[in-house]
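S.K.: Please find the sequence and the predicted model below.
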There are 2 protein chains.
Amino acid sequence: MKAEILAVGTELLMGQIVNTNAQYISSKLPEAGVGVYYHSVVGDNPDRLEDSLKLALERCDIVITTGGLGPTQDDLTKETISRVCGKKLVIHEESLNKIKNYFSRLGRQMTPNNEKQAYMPEGCIVLKNNNGTAPGCIIEMGEKAVIMLPGPPVEMKPMFLDYVMPYFKNKGAYSLKSVILRVFGIGESAMETKIMDLIDGQTNPTIATYAKEGEVTIRITASVPMGQSAEQILMPVVNEIKRRTGENLYSDKDETLDSVAAGLLFENNITIATAESCTGGLISEMLTDVPGISKVFMGGAVTYSNEAKMEYLGVKEQTLKAHGAVSRETAAEMAEGIRKRLKTDIGISVTGIAGPGGGTDEKPVGLVYVGLSSEGGTITKELRLSGNRKKIRTITALNVFDLIRRHVLKLEIDL
Amino acid sequence: MKAEILAVGTELLMGQIVNTNAQYISSKLPEAGVGVYYHSVVGDNPDRLEDSLKLALERCDIVITTGGLGPTQDDLTKETISRVCGKKLVIHEESLNKIKNYFSRLGRQMTPNNEKQAYMPEGCIVLKNNNGTAPGCIIEMGEKAVIMLPGPPVEMKPMFLDYVMPYFKNKGAYSLKSVILRVFGIGESAMETKIMDLIDGQTNPTIATYAKEGEVTIRITASVPMGQSAEQILMPVVNEIKRRTGENLYSDKDETLDSVAAGLLFENNITIATAESCTGGLISEMLTDVPGISKVFMGGAVTYSNEAKMEYLGVKEQTLKAHGAVSRETAAEMAEGIRKRLKTDIGISVTGIAGPGGGTDEKPVGLVYVGLSSEGGTITKELRLSGNRKKIRTITALNVFDLIRRHVLKLEIDL
């Protein structure tokens, strides 16, 4: 089955928000045997929505819309699609009651425009919204179907998982299975050159590489009849690529580098604390995004000023004077200081110049030192990064997570 | 001029990445007199790309593609579009030399697949890539044009700003000007009800509301002849909406709440330090995303464990025992502790249960206390939030930034 994801909302075309819904739905559909062939976005305009819907129904079997189901006047999706599909809108009592309850539970008054959300296309399958007021629905038309979901991701995602994914099960004949390999420390073209002979021979599975800041992702995808295992097709290729990427491979499960590092700390019960300067809390923020992390993460210090580095980490004044805040020596004392203060197995440190200001000839923007202190001693690593502030901070954090990974797994560390 | 943004890349259709490029380009084009009417995404497939390009050229004047210009085999955009437009690909010596230099500067070997990037459609305008290897280009065809940009945002964005935006200047007859008002603390349907009479009467300017976690954005857009001021059309409506949103309005310049809070600290030279538990560094990370923040941000502590709360913030053991780590009392001592230790004007604290685990009947997931300590005393606020871990952390951070804003501006604070 071929699907198109059609997002409705002028706020998308004005660039006010990013279409994360299309990404989320796309990441899930293949396992239900549905291939995503197109994404499209139109504004809150009935004519263009009508044209886009007709085109989508021509070139795909399934059209999933997001957005435009809410209470406000520019929410036109349900009205427009029902008209195109020749369905009347009728009141759905259960939904109306749910909306009324929603407001009374919150102790807020329900404004009348909220009632509009309870009118549904005649004969549709209503999809309950357990996280908001606008229900979704499925209109079936022979072999084709239009599925309407609300726009806010916090409402759309659970509705999609709870009702749409099960709907697709038993519908698909083939399913796509992917293995995602993630690699840190090799560029994209170098990576492709390493595996070019495999890519050249590809039919099933297919191989594609994708580069993101500092990382390369390799996707190996096999197409197999529904219910059948893809192992035999996938694994020989996956294993060969793994062999060639060696220790740079950090995940074969599409995990992020931070969650891999956090997982290793969990599994090995290694406690950690962080001392950050130019990353400003990004590393602790990413670590603590993992539920239950309090088992191993004891805390961190964000020490922007020299005073904070001395007060909170015990960095020596003479070290700061002799070598500067951005130096191997300061990074080492920061890592050691946080480890000692919070009595952890590992202490992590970052000090650098994220820019755009603050750089000199000797210490340019992008110069960053990271440190890792453990029972076995303290290591520091110099990074020379390019890009804007955000990129420098992000790549620094990734380098720290890779350092943690290599330390825990006792892999080679290039200092 | 009508534009369509056509992204090329199977990684988008597989949900591996989000189409942030479409959002970025869309946010910029209106000021150059170009309206964005459609976004679309196709995979690395020449047939579907061809069909999508033809459709886009039918319904729009300008087609901007992103992605598929790189060195690897699945990068097909330039080849496919040149074929559809009837243009031969010819070697562009300047680009070839740039690519060679790029690799020699990095001290890396250039793999042969990189040469492909220097072949450009005959007669096109070549767009230099100052942040990567793949140049972009503009193919003009009478009144229409196809603009090809690279996929990585770090390459695409500067190319778009430096070459594409200037290209559009003098081309458009009308330009769209928007004012974006941002409001914290009122729900979307309540907000719309407040301004329904204005929305009902809208033609020029138009008014649209958009809700995001905890916030409502109101976009007021006027269409005016190129070069003419939109003030007279926009401002009466903007001012009326401002009057109705009152102190909940935190920006009329499409700023984020964190940057507004940071800006207020800058302007008033108010120093700040943070003590975070369940937000794990998110607040300091967001604050330090602002360049130059080191002038007012002295540092922070991420105190997950009780030990860290005592060691780094001086929270009393008896307070933790009597009231628990998640309590008004602990929040107050955390804010006071960080303020005292780092000698700042303001100390900020957060302690709460972000979930999914750790909740009890008495202290459920979503219960969060935030504190603000200043010379005038310490205030704490109880939040009862719903949603997943990420949402709870994000809304907590927004509440803290709103608290800072209200404190600095001496507005009413609802505790």
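M.R.: Great, that's in hand.

S.K.: low pLDDT regions in the stretch 51-200 of chain A?
M.R.: Residues of the stretch 51-200 of chain A meeting the criterion pLDDT under 70: A:106, A:170, A:172-173.

S.K.: For the stretch 301-415 of chain A, which segments count as helices?
M.R.: Secondary structure of the stretch 301-415 of chain A (DSSP state H, counting those that start in this stretch): helices at A:306-313, A:317-323, A:328-341, A:389-408.

S.K.: Just name the most buried of these.
M.R.: For the helices of the stretch 301-415 of chain A, average neighbour numbers computed from mean count of other Cβ atoms under 10 Å in any protein chain shown are highest in helix A:328-341, which has a mean of 25. The way it works is simple: take the backbone N, C-alpha and C, and place the C-beta from them, glycine included.

S.K.: That one vs helix A:306-313, what angle?
M.R.: With axes from the mean of the first three to the mean of the last three Cα atoms, to 10 degrees applied, the angle from helix A:328-341 to helix A:306-313 works out at 40 degrees.

S.K.: Any part of helix A:328-341 near chain B?
M.R.: Yes: among the residues of helix A:328-341, residue A:341 lie within reach of chain B under Cβ under 8 Å from any Cβ of the partner chain.

S.K.: any residues touching that helix, and which ones?
M.R.: The list of residues contacting helix A:328-341 from outside it, by Cβ atoms under 8 Å, 6 or more residues apart in numbering or on different chains, reads A:273-275, A:277, A:300-301, A:303, A:309, A:312-316, A:319-320, A:322-324, A:344-351, A:369-374, A:378, A:380, A:382, B:311-312.

S.K.: Which of those are buried? Put it as a PyMOL command.
M.R.: PyMOL command restricting the contacts of helix A:328-341 to the buried ones, with burial defined by 16 or more other Cβ atoms under 10 Å in any protein chain shown:
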select buried, (chain A and resi 273+274+275+277+300+301+303+309+312+313+315+319+320+323+344+345+346+347+348+349+350+351+369+370+371+372+373+374+378+380) or (chain B and resi 311+312)
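
S.K.: Among the contacts of helix A:328-341, name the ones in strands.
M.R.: Of the contacts of helix A:328-341, the ones assigned to strands by DSSP state E are A:273-275, A:300-301, A:303, A:346-351, A:369-374, A:378, A:380, A:382.

S.K.: so where do the helices sit in the stretch 51-200 of chain A?
M.R.: Ranges of helices in the stretch 51-200 of chain A, per DSSP H, counting those that start in this stretch, are A:77-85, A:93-106, A:153-159, A:165-168, A:188-200.

S.K.: What is the third one packed up against?
M.R.: Taking 3 or more Cβ pairs under 8 Å, 6 or more residues apart in numbering or on different chains; DSSP states H and E as the contact definition, the neighbouring helices and strands of helix A:153-159 are helix A:20-28.

S.K.: downstream neighbour of the helix it packs on in the secondary structure list?
M.R.: Next helix or strand after helix A:20-28 toward the C-terminus (DSSP states H and E): strand A:35-42.

S.K.: helices and strands around that next one, which ones?
M.R.: Where contact means 3+ Cβ pairs under 8 Å, 6+ apart, strand A:35-42 is packed against strand A:2-8, helix A:10-13, helix A:20-28, helix A:46-59, helix B:10-13, strand B:35-42, helix B:46-59.

S.K.: how big is the angle separating the last one from strand B:35-42?
M.R.: The reference is to helix B:46-59. Using the same axes, to 10 degrees: helix B:46-59 against strand B:35-42 is 170 degrees.

S.K.: Distance check, residue A:185 against residue A:411.
M.R.: 11 Å (Cβ to Cβ, to the nearest Å).

S.K.: out of the two, which sits in the more crowded spot?
M.R.: Applying other Cβ atoms under 10 Å in any protein chain shown to residue A:185 and residue A:411 shows that residue A:185 carries more neighbours, namely 17 against 13.

S.K.: Look up how far residue A:181 lies from residue A:244.
M.R.: Counting by Cβ to Cβ - residue A:244 and residue A:181 are separated by 10 Å.

S.K.: So for those two, which residue has more residues nearby?
M.R.: The residue with more neighbours, out of residue A:244 and residue A:181, is residue A:181; 22 against 15, by other Cβ under 10 Å.

S.K.: Would you confirm that that one contacts residue A:238?
M.R.: Yes: here residue A:181 reaches residue A:238: they are 7.0 Å apart, a contact under Cβ atoms under 8 Å.

S.K.: Need the residues touching each of the two.
M.R.: Joint contacts of residue A:181 and residue A:238 (Cβ under 8 Å, 6+ apart) are A:220, A:252.
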